[in-house]
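[1] pasting the structure only:
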């Protein structure tokens, strides 16, 4: 029995030893694999990092090269654009060699741009040599030792007419003191059968005068009102025949319109026309060269056509301050303007102003009225 126990224990110990040895061997093997795996992973990561660094460096090089390429391409594009712009500019101008004249006082510019440097200034009638004409509205010219640009609208192949002094007779019986302030009321677009007589009533009641720039069409329809304007001492000019924007017309069309106005004017009043107010105050160089009259505009706009309100019209006059030498614009076709005039005239008289015609205002302010010239006031 004792021997069996000893044998059993020996066998059990042998089994335990066997499994212990096996387990130890597996641990060593696995540890070796782990170490090998860790070493392999470390090598892999190092290789991967090197590869990434190489890729980054390569990408940086590619980017730098790409940037250089882009800059080169942009440079080429910009140079090409500049060249095309230069070619287009050359295409805009057609070379010529002709004598032209300045039709007003105008600047010669360094470039074809109104903001460009001024090289010189020429006056009405000055001779210029045009060497190129542009489709952009500019001309390249030579003047003495200057080569520059002038807006084509300010030069002409025709020599401009001389400005001539216009002598207009005034009523010497009217007592006007040149040392005292004076202002000119002016009325456009009439005569009108309703509002114009009211304005004339206010003037006559206060023994004052004004200047009426009547339309040829309206003058034909209401000749008696125009005659009354002149009969009470007012001055009558023309606002053209049909109130067209003269800036948009050719020389021939302007002449046709003013000729019709002149005919109606003389048939109505029995004498020649002396003063003209262009519609909207528009008088470009062609208009001024074509119309052989002083062109009378204004420097105080009541905006009566816009507000059609008595108080607003008076307020526009009052906000100016000193009215001495000024030309006030109104229209004789609105009852609201007649309402304003009925109050405004007594107010101006109480403030010491003398209400005069355009010709009187020019005379007593020592202004010579000349043909082909626009006036905006005599202050």
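    Nice, I can see it. Quick caveat, the model's predicted, so the values are computed rather than measured.
[2] Run through the stretch 51-200 of the chain and note the low-pLDDT ranges.
    For the stretch 51-200 of the chain, the stretches flagged by pLDDT under 70 are 51-90.
[3] Which parts of it are helices?
    Using DSSP state H, counting those that start in this stretch, the helices of the stretch 51-200 of the chain run over residues 195-205.
[4] what sits against the spatially most central residue of the chain?
    Geometric centre of the chain, nearest residue: residue 114, 11.4 Å, by CA atoms, centre = their mean. By CB atoms under 8 Å, 6 or more residues apart in numbering, the contact set of residue 114 is residue 151. The way it works is simple: take the backbone N, C-alpha and C, and place the C-beta from them, glycine included.
[5] Can you tell me the strand partners of the strand ranked longest in the chain and which way each runs?
    Longest strand of the chain, by residue count under DSSP state E: strand 93-102. Using DSSP bridges, the strands paired with strand 93-102 are strand 127-134 (antiparallel), strand 155-156 (antiparallel).
[6] what's the shortest one in contact with?
    When contacts are taken as CB under 8 Å, 6+ apart, the neighbours of strand 155-156 outside the stretch itself are 100, 101, 102, 103, 106, 128, 130, 139, 141, 285, 289.
[7] State the pair within those that is farthest apart.
    For the contacts of strand 155-156, the maximum inter-member distance is 18.5 Å, found between 141 and 289 (CB to CB).
[8] Pull out the buried residues from the longest strand of the chain.
    Neighbour counts over strand 93-102 (16 or more other CB atoms under 10 Å) mark 93, 100, 101, 102 as buried.
[9] cool, and stretch 328-335?
    Under the neighbour-count rule (16+ other CB under 10 Å), stretch 328-335 has 328, 329, 330, 331, 332, 333, 334 buried.
[10] For residue 347, see how far away the nearest residue to residue 340 once chain neighbours are set aside is.
    With CB to CB, 6 or more residues apart in numbering as the criterion, residue 340 has its nearest non-adjacent residue at 3.9 Å, and that residue is residue 313. Separation of residue 313 from residue 347 (CB to CB, to the nearest Å): 12 Å.
[11] The two: who's more crowded?
    Taking neighbours as other CB atoms under 10 Å, residue 313 and residue 347 compare with residue 313 leading, 26 against 12.
[12] if we look at the helix or strand where the more buried one lies, which residues are touching it?
    Assigned by DSSP states H and E, residue 313 falls within helix 310-318. Residues outside helix 310-318 that contact it (CB under 8 Å, 6+ apart) are 300-304, 307, 323, 328, 330, 336-337, 339-340, 343-344, 347.
[13] And the next helix or strand past that helix?
    strand 327-331.
[14] Kindly calculate the angle that whichever helix or strand comes after that following strand makes with strand 327-331.
    Per DSSP H and E, the first helix or strand lying C-terminal to strand 327-331 is helix 335-350. Computed by axes from the mean of the first three to the mean of the last three CA atoms, to 10 degrees, the angle separating helix 335-350 from strand 327-331 equals 150 degrees.
[15] how far off helix 310-318 does helix 335-350 point, in degrees?
    If you take the same axes, to 10 degrees, helix 335-350 sits at 40 degrees to helix 310-318.
[16] What lies in contact with helix 335-350?
    For helix 335-350, using CB under 8 Å, 6+ apart, the contacting residues are 183, 185, 187, 194-195, 198-199, 202-203, 206, 208, 302, 304, 307-311, 313-314, 317, 323, 330-332, 355.
[17] Which positions in that helix come out as buried?
    Buried-residue list, helix 335-350, by 16+ other CB under 10 Å: 336, 337, 338, 339, 340, 341, 342, 344, 345, 348.
[18] repeat for stretch 207-222
    In stretch 207-222, counting by 16+ other CB under 10 Å, buried: 208-216, 218-220, 222.
[19] mean confidence score for that stretch?
    Here stretch 207-222 scores 98 as its mean pLDDT.
[20] repeat for stretch 265-283
    Mean predicted confidence for stretch 265-283 is 97.
[21] From start to finish, how long is that stretch in a straight line?
    21 Å (CA to CA, to the nearest Å).
[22] what does that stretch rub up against?
    Contacts of stretch 265-283 (CB under 8 Å, 6+ apart): 166, 168, 186, 188, 211, 213, 216, 219-220, 223, 226-227, 230, 235-240, 243-247, 258, 261-262, 287, 291, 293-298, 358-359, 369, 374.
[23] Narrow those residues to just the buried residues.
    166, 186, 188, 211, 213, 216, 219-220, 223, 226, 235-240, 243-244, 246, 258, 261-262, 287, 291, 293-298, 358-359, 369, 374.
[24] Go through the residues you listed and flag which are in helices.
    Judged by DSSP state H, the buried ones among the contacts of stretch 265-283 include 216, 219, 220, 223, 226, 258, 261, 262, 287, 358, 359 as members of helices.
[25] Show me the two of these that sit farthest apart.
    Taking CB to CB, no two of these sit farther apart than 223 and 287, at 26.9 Å.
[26] which stretches of the stretch 51-200 of the chain form strands?
    For the stretch 51-200 of the chain, the strands defined by DSSP state E, counting those that start in this stretch cover 93-102, 106-109, 118-122, 127-134, 138-143, 146-151, 155-156, 182-188.
[27] Distance to residue 278 for those strands - can I get that in TSV?
    Formatted as TSV, these follow (distance: least, CB to CB, whole Å):
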stretch	distance to residue 278
strand 93-102	21
strand 106-109	20
strand 118-122	24
strand 127-134	27
strand 138-143	25
strand 146-151	20
strand 155-156	19
strand 182-188	10
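[28] Packed most tightly, which of those would that be?
    strand 182-188 (a mean of 26; mean count of other CB atoms under 10 Å).
[29] So what are the sheet partners of that one and their directions?
    strand 211-214 (parallel), strand 327-331 (parallel), strand 354-355 (parallel).
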